[in-house]
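Asks: Only the shape, not the letters, is given here:
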């Protein structure tokens with residue numbers, strides 16, 4: 001998915017729409033601090049795997065997949081609380097018994113059911129023929145149902161036209177296909193404004209303080225004219241839309257080790273290093289708000305992409321310039 005950065009001649013030649021993908025058992029724990037909706041990397045990683053399969057297909061070897069637009073129709077985390085005063089706890093599943101007949105231990109995890117639509121950029125140098133478009137639709141539909149998605153299993157797609165191809169000049173036609181849903185957008189500008197507002201009141205406040213403040217509800221007592229006290233509930237994110245804290249990548253916290261040096265890594269053939277999660281804010285936006293061509297809500301700015309630099313910073317971002 002990074003070939004667009006390696007070759008300037010490669011550009012967006014079309015889009016694939018995967019409509020109403022039903023995902024069961026997705027990982028709802030997105031980071032050490034956040035939960036509810038899976039991490040963005042869980043979806044980008046799945047389409048990156050699909051892009052690598054394209055390289056082995058004779059008719060699709062000249063193209064690859066780029067940025068991914070995420071539209072959520074439904075998200076149901078598996079949680080429970082006995083009453084409104086208790087904290088939520090994840091519903092856990094017991095594993096099958098072991099070979100010796102003893103009960104296996106419970107692995108604490110959080111799961112959710114999702115219904116998602118994805119719009120994925122197709123990168124290449126030439127436009128696709130009708131035969132190639134049909135082949136791409138057929139193969140990507142097959143691959144999508146064969147692989148994991150954010151740790152979950154794909155159980156189905158939309159009944160009618162589950163996978164569609166759109167030309168690069170016809171991206172606005174995708175918007176009606178996403179309704180009803182919410183599109184996940186980057187809210188770093190809103191986050192920067194909230195940090196600035198918080199530091200105006202408290203110069204010692206940090207971005208972490210702002211992130212926690214966004215996630216909190218403030219209950220403030222207010223004395224009425226009749227002498228009674230009324231509690232008002234306020235939030236730092238009021239007026240900024242539907243903001244949610246989320247992980248946006250990783251920051252290296254160690255040297256980059258040569259391939260094969262670190263033990264128990266997933267891909268020992270590549271250089272590795274220790275990292276920690278980075279956090280920012282995301283914003284859920286109605287698809288019809290993406291019609292403003294050239295504006296902040298331009299649909300072209302709704303695609304999440306991998307970005308990295310030489311300073312061990314690995315991000316998923318919607319910014320065209322890193």
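Replies: Everything's here; your move. Please read all numbers here as calculations on a predicted model, not as lab measurements.

Asks: Tell me where the stretch 1-150 of the chain is predicted with low confidence.
Replies: 1-9 (pLDDT under 70).

Asks: could you redo the last one with a cut-off of 80?
Replies: 1-10, 93-95, 105-108 (pLDDT under 80).

Asks: Show me the domain layout of this structure.
Replies: 3-95+107-186, 188-282 (automatic domain parsing).

Asks: Can you report how many residues lie near residue 260?
Replies: 12 (other C-beta atoms under 10 Å). In short, each C-beta sits where N, CA and C put it, glycine included.

Asks: That one sits in which helix or strand?
Replies: Per DSSP states H and E, residue 260 falls between elements, in no helix or strand.

Asks: Who's the closest spatial neighbour of it, skipping the chain neighbours?
Replies: Spatial nearest neighbour of residue 260, chain neighbours left out: residue 268 (5.4 Å); criterion: C-beta to C-beta, 6 or more residues apart in numbering.

Asks: helices or strands up against the longest helix along the chain?
Replies: The residue-count maximum for a helix in the chain (DSSP state H) belongs to helix 130-146. With contacts defined as 3 or more C-beta pairs under 8 Å, 6 or more residues apart in numbering; DSSP states H and E, helix 130-146 has these neighbours: strand 11-27, helix 40-54, strand 163-167.

Asks: Given the shortest one, what are its sheet partners and their directions?
Replies: Partner strands for strand 163-167, per DSSP bridges, with pairing direction: strand 11-27 (antiparallel).

Asks: Show me which residues of the strand it pairs with are buried.
Replies: In terms of neighbour count (16 or more other C-beta atoms under 10 Å), strand 11-27 has its buried residues at 12-23, 25-27.

Asks: do the same with stretch 109-128
Replies: 110-124, 128.

Asks: Just give me how far it sits from the chain centre.
Replies: Average the C-alpha atoms of stretch 109-128, do the same for its chain, and the two points are 10 Å apart (C-alpha atoms, centre = their mean, to the nearest Å).

Asks: distance of the residue lying farthest from the centre of the chain from residue 232?
Replies: Among the C-alpha atoms of the chain, the one most distant from their mean position (C-alpha atoms, centre = their mean) is that of residue 226, at 49.4 Å. Using C-beta to C-beta, to the nearest Å, residue 226 is found at 16 Å from residue 232.

Asks: can you check residue 12 too?
Replies: Residue 12 is 48 Å from residue 232, by C-beta to C-beta.

Asks: what's the answer for residue 139, then?
Replies: 56 Å.

Asks: So which residues of the stretch 51-200 of the chain form helices?
Replies: 130-146, 188-201 (DSSP state H, counting those that start in this stretch).

Asks: Just the buried residues of the shortest one, please?
Replies: Read it as helix 188-201. If you call a residue buried by 16+ other C-beta under 10 Å, then helix 188-201 has these buried ones: 188, 190-191, 194-195, 198.

Asks: Mind giving me the packing neighbours of it?
Replies: Looks like helix 188-201 contacts helix 207-214, strand 275-285 (3+ C-beta pairs under 8 Å, 6+ apart).
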